Every structure is written in structure tokens, then in C-alpha cells.
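Novice: Pasting the sequence and the predicted model now:
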Amino acid sequence: MSRARTTSAAIAAALLGACASSSRSAPTKPADASAGDPPIPSQCQTAVERASKLGVLLVQESLLAEWAGDTARAAGLAGVEHLVAAITTRDSRGWVIHFVRRYQGDLTEPFQVTFVRPEASAASLVRFDPPRPLDPETSFLLEVRETATDEGVRPCGHRYTVLMLPGEVADEEGWVVYLIAIPERDGWVFGGQVRHVVNGDARYVLTTEPLTRGCAVMPEATPRPRMGNGTRPCPSEVDVWQSTLHRKPFEIDTDVGLWEVNGPRIRFLRPPRVYQKAAPRPG
């Protein structure tokens, strides 16, 4: 079995296993309809199930990286924000977040944070002095990331986060890489979210799909944000990611109708409203 295939299969199995067993990294209740809601349109049923499942996995990946950065900063390691990347792998110790930095012209790993379970309290910092060379798995996953980010499609603004999932969990070939815009101030970026599928050897991008259109920023204090999505008829996994991390439901208006996303729970609220023109006045 190739290095790429072994890495992908191992991470996919670990992701799905942790998602099923952990309740603290992200809620895992499946998407469903509340009593009295209209049924989810048939063309969106599979997409909604996929969005709920993948959204929870994206939340876990995002939180592990966030907790790892917090652990490094708490230990007095400066410049965490200026590293090249944080790469997630899985081994006998659990989850491992590898921090990549350039040292004397080479890509190296100055430290890593391990998690025996996907919880902030389970973090353990390991330092390397001098920084060690990247191991083959970390080097390969960095190639996957760079292939996606070099594609030339950028989210809104100058800052973005990169999240990666093995294709197995998304019924895709290779790797699924998400570029998600981050606002320059507190708020939500409703736009600029792009999903790339990178081939299994990390050599090229198979597909690129914008998940939203536009670059609107919604203030964090907005009680119940609503956005329009002109690119997709159904909510996506990034919508689940946004709602879960912001701990707030929001609504999405698509060509199919109005949706509510509340963490991994996705509800269909109503079909599109049809407005009829008023009849002309006589005379």
C-alpha cells in the first residue's frame, strides 16, 4: 500500500472513530427535521446528511489545531501564528499536531502537540531542539495542503484557515481541502469558502468548488444571521462548521428554500416564497 493511501486510510478511520465516541469536541446528533417542519427536499437529503457528518469532522480538526496552538502559547513558545502550517496526523499516541517552520532554509518541526483523546485537557507538548526534519507523513500532508493553496482560488480577504479531510470520509478520491476565510475583526465571513479535491498523490487538484458567493461579513453580535447562497441549493459542511464554532444558529436562503443550520442539525423551514404581481386597477 502506498504512503498516500496508508496515511489517508489511517486518518479516515481515526476521524470517524473519534467522531462516534467523543461528545466534547463537537455535537454529533445527526441532522433531522423537527416536528412540524416540511420534509427535506429529495434533491438535498444526501447533501444534508453529508454536510452534518463532514461538518462535525471539520470542527474536530479545527479545535485540535486551536487547542494545540493554545498549548504552545501557554508554554511560552512565541511566533505560533507565523509558522508555515500545523499538520494533523494520527499514531499510537493519539492525535498529533505537527508545527512546521523554516529553519536555516529547510522545513522543520520545532514542536508538536499530542492528544490521547480529542479534548483540550488531553494536550501534551513535545519540543525538538534543534528542530527536527519533517517525517514522511507530515511532509506528504504538507504537499497536499500546498497543492490546494497554490491553485490560485483564494477566499475573501487575506487571512484564511485550511482544513483537510481524507477523501474516504467524503466519498471522494484523494484529499478534500477547505479554504475558509477569516474576518479581520470579530464576525462571520459568509463567503469565500472553497473546497478543493486533491488527487491521492498530492500532485494536482481534481476539482474546485466555491461553497458560497460574495464576501459579506456579519457582526458576531447578530442574534440570528441570515445569508443567501446563490451557488448551492443545500447547506454544506462549512455551514455546520461555522454554526458550531460560533455556537449560534443561522439561516440560509437558497433556490430550494429557507434552511436553519444549528451545529450539525439542519432543518428545512419552508419552500421559496412566491410573490404574485398585484392585479392592475380597473380604469
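Specialist: Arrived safely.
Novice: Okay, residue 133 and residue 107: tell me how far apart.
Specialist: The gap separating residue 133 from residue 107 is 8 Å, by Cβ to Cβ, to the nearest Å. Bear in mind the C-beta positions are built from the backbone N, C-alpha and C, glycine included.
Novice: Compare those two (neighbour count), which wins?
Specialist: Shown here are residue 133 and residue 107; by other Cβ atoms under 10 Å, residue 107 has more neighbours (16 against 13).
Novice: Show residues contacting the helix or strand containing the more buried one.
Specialist: Assigned by DSSP states H and E, residue 107 belongs to strand 106-115. Counting contacts by Cβ atoms under 8 Å, 6 or more residues apart in numbering, the residues outside strand 106-115 that touch it are 64, 67-68, 71-72, 77, 84, 93-103, 122-135, 138-139, 142.
Novice: Now the buried members of the residues you listed.
Specialist: 64, 67-68, 71-72, 77, 94-101, 122-123, 131, 134, 138-139, 142 (16 or more other Cβ atoms under 10 Å).
Novice: Inside strands: which ones of these?
Specialist: In this view, the buried ones among the contacts of strand 106-115 that belong to strands under DSSP state E are 94, 95, 96, 97, 98, 99, 100, 101, 123, 131.
Novice: Residue 54: which of the residues you listed is nearest?
Specialist: Nearest to residue 54 among these, counting by Cβ to Cβ, is residue 95 at 17.8 Å.
Novice: Tell me the pLDDT of the closest one.
Specialist: As predicted, residue 95 sits at a pLDDT of 96.
Novice: Begin at 51, not 1, for the rest of this chat.
Specialist: I'll keep to 51 as the first residue from here, and by that count the last item is residue 145.
Novice: Surely it touches residue 117?
Specialist: No: at 9.7 Å, residue 145 and residue 117 do not qualify as touching, with contact defined as Cβ atoms under 8 Å.
Novice: Tell me which helix or strand the residue nearest the centre of the chain sits in.
Specialist: Against the mean C-alpha coordinate of the chain, by Cα atoms, centre = their mean, the closest residue is residue 108 at 3.8 Å. Here residue 108 sits within helix 95-124, counting by DSSP H and E.
Novice: How about residue 177?
Specialist: Element membership for residue 177, per DSSP H and E: strand 173-183.
Novice: now that strand against strand 156-165, angle please.
Specialist: 160 degrees (axes from the mean of the first three to the mean of the last three Cα atoms, to 10 degrees).
Novice: Give me the residues contacting strand 173-183.
Specialist: 117-118, 120-122, 125, 127, 151, 153, 156, 158-166.
Novice: again with stretch 145-152
Specialist: Here stretch 145-152 makes contact (Cβ under 8 Å, 6+ apart) with 64, 68, 114-115, 118, 122, 130, 133-140, 157-165, 168, 181, 184-185, 188, 192.
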